[in-house]
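Engineer: Model the following, please.
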Amino acid sequence: MKKKMGIYRTACYKVEDVFIKMLTRKQNSDEVREKVEAYRTQKEIKKQRGKQEEYISKE
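Structural biologist: Now for the predicted structure:
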């Protein structure tokens with residue numbers, strides 16, 4: 001299941017990247033890429049924290 005989710009996430013990120021490129025054509029692409037990476041990293045950290053809290057609460 002984890003492998004499928006990784007593939008799904010990768011596909012979603014590719015689609016998001018296309019939309020981001022279309023919507024931010026006139027902006028600095030490096031700056032936009034950094035913001036997107038920061039957002040995705042924060043989202044992943046928040047997701048991991050939630051999983052840890054869920055695991056701890058089950059114990």
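Engineer: which residues touch the residue sitting nearest the centre point of the chain?
Structural biologist: For the chain, the residue sitting closest to the mean C-alpha position, by CA atoms, centre = their mean, is residue 40 at 3.2 Å. By CB atoms under 8 Å, 6 or more residues apart in numbering, the residues touching residue 40 are residue 13. Quick note: C-beta positions are derived from backbone N, CA and C, even for glycine.
Engineer: Return the distance of the host helix or strand of it from the chain's centre.
Structural biologist: Assessed by DSSP states H and E, residue 40 sits inside helix 29-58. Centroid displacement of helix 29-58 relative to its chain, using CA atoms, centre = their mean, to the nearest Å, is 7 Å.
Engineer: Okay, now the unreliable bits of the chain?
Structural biologist: Scanning the chain with the threshold set as pLDDT under 70 gives 1-2.
Engineer: Please tell me how far residue 16 sits from residue 55.
Structural biologist: The gap separating residue 16 from residue 55 is 29 Å, by CB to CB, to the nearest Å.
Engineer: the more surrounded of these two?
Structural biologist: Per other CB atoms under 10 Å, whichever of residue 16 and residue 55 has more neighbours is residue 16, with 12 against 9.
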